[in-house]
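Asks: test case, fold it:
(one chain, ligands or ions: 1)
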Amino acid sequence: MAVLVTGGAGYIGSHTVRRLREAGIDTVVLDTLERGRPEAVLGAPLVVGSIADEALVTEVCRDHAVSTVIHFAAHKSVGDSMVDPGPYWANNVQGTVHLIEGMLAADVSRIVFSSSAAVYGSPEQVPITEQAPIRPENVYAETKAMMERVIHWYGVTNELRWASLRYFNAAGASADGVIGEDWSSTTNLVPLVMRAALTDAGPVDVFGTDFDTPDGSGVRDYIHVEDLAEAHLAALRHLETGGENLTVNLGTGTGTSVLEILAMTAEVHGAEVPHRLVERRIGDPATVYADSTHAATALGWSATRNLRDIISSAYAWHRQG
Ligand code: WQD
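Replies: You can find the predicted model right below:
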């Protein structure tokens, strides 16, 4: 059993590649290195190329006797997707079609898909279950919802077997500080808080303190990247042992506010984190967190790392510079 990991040189991909290899699973990475870093795959076989290259996908699957694909490769900036949507439709959606065609040509018919809680948009109620309405509010989120549907229909027309994993807010770094998130072009809260604490880049903006939440700041479900890696291993084993197609939320089931993230970071850092209280960011819902009971029953998985693990691992990683 070998696994092809697309986007395996990226943030969640590299943590998953490391976990698979620790479990003794042969792994090969396909990544364009547009965003990913070659050193992040820690010596795993790396093919530099695109999921859109069907012949390359087929060749890699055959050369490495791949049995399952874990598909991370995608553009993932919400803001960019609304400014320049073309590459998101082409790379994320059409790229997934090419990937699947390439896989099927090599008789690989199992895929674990990196989806996102963004497919829910602003939830009507929390915690969010997998039955909540799919209402993407930006092009990025729409591409994730469309990729889920493409995979579903290949399940109907070509018996592709799949697991779609809807991540909530991935954060943190490997506990030993060997791999972590690249903060160079992120817009996500945790790396920006670390940058404000650890560099002279200036204060981090708190987008709104007038939400209907306990402290007025936005609430999200922050899940440790190593817990996400564990979930991918569980989903892989689920499919490899004949498990049914499934869609699961990957979150902790707990909401944490922006100000709580700042407070925990200040505790770890030993000093206040420079920040400014500013207006809300357009499109941000007040509260988003998962009902993750389905992942527990269907995969036997639940998050084991807490907020302190997330903040302290992110801090230690970014402190390395
Ligand atoms: C988290 C909270 C902000 C930055 C997005 C994508 C989602 C997923 C995760 C890929 C919110 C607040 C943020 C800042 C702030 N990505 N914030 N100051 O928006 O929950 O989700 O990333 O799948 O698809 O939509 O994550 O980290 O941007 O924001 O106050 O500088 O932090 O308002 O409450 P978000 P985020």
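Asks: switch to C-alpha atoms for all contacts and neighbour counts from now on
Replies: Fine.
Asks: ok, now how distant is the closest residue to the ligand within the chain from Asn92?
Replies: The chain approaches the ligand most closely through Asn188 (3.2 Å), counting by Cα to the nearest ligand atom. Look at Asn188 and Asn92: by Cα to Cα, to the nearest Å, they are 20 Å apart.
Asks: with neighbour numbers in mind, choose between the two.
Replies: Taking neighbours as other Cα atoms under 10 Å, Asn188 and Asn92 compare with Asn92 leading, 23 against 13.
Asks: wait, what's in contact with the more buried one?
Replies: Taking Cα atoms under 8 Å, 6 or more residues apart in numbering, we find Asn92 in contact with Ala73, Ala74, His75, Thr143, Lys144, Met147.
Asks: surely it is within a helix?
Replies: Yes: Asn92 sits within a helix when classified using DSSP: H, G, I helix; E, B strand; the rest coil.
Asks: where do the helices sit along the stretch 101-250 of the chain?
Replies: 139-158, 189-198, 225-240 (DSSP state H, counting those that start in this stretch).
Asks: got CSV for those helices, with mean neighbour count and mean pLDDT too?
Replies: Formatted as CSV, those follow (neighbours: other Cα atoms under 10 Å; pLDDT from 0 to 100):
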stretch, mean neighbour count, mean pLDDT
helix 139-158, 19, 98
helix 189-198, 22, 98
helix 225-240, 22, 98
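Asks: of all the ones you listed, which one comes closest to Pro214?
Replies: helix 189-198 (18.6 Å; Cα to Cα).
Asks: contacts for the closest one?
Replies: 171-172, 181, 183, 186, 201-204, 258, 261-262, 265-266, 269, 272-275, 311, 314-315, 318-319.
Asks: likewise for stretch 256-264?
Replies: With contact meaning Cα under 8 Å, 6+ apart, stretch 256-264 is reached by 189-190, 193, 206, 215, 217-222, 272-273, 308, 311.
Asks: cutoff 7 Å now
Replies: Residues from elsewhere that reach stretch 256-264, judged by Cα atoms under 7 Å, 6 or more residues apart in numbering: Ser217, Gly218, Val219, Arg220, Asp221, Val273.
Asks: check which residues of that stretch are buried.
Replies: Thr256, Ser257, Val258, Leu259, Ile261, Leu262, Met264 (16 or more other Cα atoms under 10 Å).
Asks: of those, list those near the ligand.
Replies: Restricting these to those adjacent to the ligand (criterion: Cα under 6 Å from any ligand atom) gives Val258.
Asks: and the nearest residue to Asp53 once chain neighbours are set aside, helix, strand or coil?
Replies: Excluding its sequence neighbours, the residue lying closest to Asp53 (Cα to Cα, 6 or more residues apart in numbering) is His98, at 6.9 Å. The three-state label given to His98 by three-state DSSP is helix.
Asks: give me the pLDDT value at His98.
Replies: Each residue has a pLDDT score; the one for His98 is 98.
Asks: who in the chain is up against the ligand?
Replies: Contact residues (Cα under 6 Å from any ligand atom) of the chain with the ligand: 76, 116, 118, 169, 187-189, 204-207, 218-220, 258, 281, 284.
Asks: quick one: contacts of stretch 70-89?
Replies: With Cα under 7 Å, 6+ apart as the test, stretch 70-89 has contacts from 4-8, 13, 91-92, 111-114, 138-140, 143.
Asks: next, the buried residues of that stretch.
Replies: When neighbours are counted by 16+ other Cα under 10 Å, the buried residues of stretch 70-89 are found to be 70-78, 81, 85, 88-89.
Asks: in helices, which of these appear?
Replies: Of these, the ones assigned to helices by DSSP state H are Val78, Ser81.
Asks: quick check: the farthest pair among the buried residues of stretch 70-89?
Replies: So, the buried residues of stretch 70-89 by Cα to Cα: farthest apart are Ile70 and Pro85, at 24.2 Å.
Asks: and for the nearest residue to Asn245 once chain neighbours are set aside, the neighbour number?
Replies: Distances taken as Cα to Cα, 6+ apart put Trp162 closest to Asn245, at 5.0 Å, once the chain neighbours are dropped. Number of residues near Trp162 (other Cα under 10 Å) recorded here: 28.
Asks: strands along the protein, start to end?
Replies: Under the criterion DSSP state E, the chain contains strands at 2-6, 26-31, 46-48, 66-71, 110-116, 161-167, 169-171, 204-207, 219-220, 222-224, 246-250, 256-257, 275-278.
Asks: now these as CSV including distance to Gln125 and mean pLDDT?
Replies: Putting these into CSV (distance: least, Cα to Cα, whole Å; pLDDT from 0 to 100) gives the following:
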stretch, distance to Gln125, mean pLDDT
strand 2-6, 33, 98
strand 26-31, 37, 98
strand 46-48, 42, 98
strand 66-71, 29, 98
strand 110-116, 17, 98
strand 161-167, 17, 98
strand 169-171, 17, 98
strand 204-207, 21, 98
strand 219-220, 13, 98
strand 222-224, 18, 98
strand 246-250, 15, 98
strand 256-257, 16, 98
strand 275-278, 26, 98
